[in-house]
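**Q** curious how this folds, go ahead:
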Amino acid sequence: MRLLLIEDNTELASAISEYFSHIGHPLDWCESAEAAERLLAHQGFDMLILDINLPGKSGFQLLKQLRNQGKEIPVLVLTARAEVDDRVSALDLGADDYMVKPFDFRELAARCRALLRRERGNASNLMVCGNLIYDAASASVTLNDERIDLRAREIQMLELLLNNLDHILTKEQIADRLYRFEEAYTPNAIEQVLTRLRKKLTDSSLKIKTIRGLGYLAHVDD
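**A** Coordinates of the predicted model:
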């Protein structure tokens, strides 16, 4: 999952970014609702983590604007405001979840996974594709009941493919979900990740095809 954090506390934002990077999820960060608007106009994200007390436009205003525009991206409000009225306001404006600072990073990550499961219609963190099982909670993969070792980028690629089975993904779409803005990448880097992943999943039910001139397609071979 690729996330956008909207938070004006630099120290907290840096810690959140470091944690999500550690568990293998790219997270971009901006300090204001206005900056978030500019990013969302040109970049896709799987979900937003949104503070309320921001310089300029508030998080409530941004949330209301997004929902009025018909944007259904999951939004988790993360704020120091613990009053019931604030919770009610956020949820009524279209927030999908609400957490109060201070918080546990593990719970924040678990809530993000839960929101994405709900959006995608998944009841469990487990994704089963024949003899291949991916556990989103532990970012672990088993093949024929044996755990296989994947690098962080390979895990991200696998999760992306599993969430887009039987859909062609271009290199640009893959890059949008795997790399943060400050990360440099090349099309060759994406090919290298796919090559390593294919090799490690040779005996699995998940097949990754190259569709010449278009991109890549993953499907389950029964």
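**Q** name the SS class of Met99, please.
**A** Here Met99 is strand, with the state taken from DSSP: H, G, I helix; E, B strand; the rest coil.
**Q** just list whatever residues bridge to it.
**A** Beta-bridge partners for Met99, by DSSP bridges, are Leu78.
**Q** what residues does it make contact with?
**A** By CB atoms under 8 Å, 6 or more residues apart in numbering, the residues touching Met99 are 76-79, 107-108, 111. For every residue, glycine as well, the C-beta is placed using N, CA and C.
**Q** then Arg81?
**A** 52-53, 100.
**Q** put together JSON lines for these, with distance to Ile168 on each row.
**A** Below are the contacts of Arg81 laid out as JSON lines (distance: CB to CB, whole Å):
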{"residue": "Ile52", "distance to Ile168": "39"}
{"residue": "Asn53", "distance to Ile168": "42"}
{"residue": "Val100", "distance to Ile168": "41"}
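**Q** out of those, which comes closest to Gln65?
**A** Gln65 lies nearest to Ile52 out of the contacts of Arg81, by CB to CB, at 13.9 Å.
**Q** my guess is Gln61 contacts Glu34. True?
**A** No - counting by CB atoms under 8 Å, Gln61 does not reach Glu34; the two are 10.3 Å apart.
**Q** could you point out which element follows the helix-or-strand element of the chain with minimal mean pLDDT?
**A** Lowest by mean pLDDT, DSSP states H and E among the helices and strands of the chain is helix 171-178, with a mean of 87. Downstream of helix 171-178, the next assigned helix or strand under DSSP states H and E is helix 187-200.
**Q** which other residues reach that next one?
**A** By CB under 8 Å, 6+ apart, the residues outside helix 187-200 that reach it are 148-151, 153-154, 157-158, 171, 174-175, 178, 208, 216.
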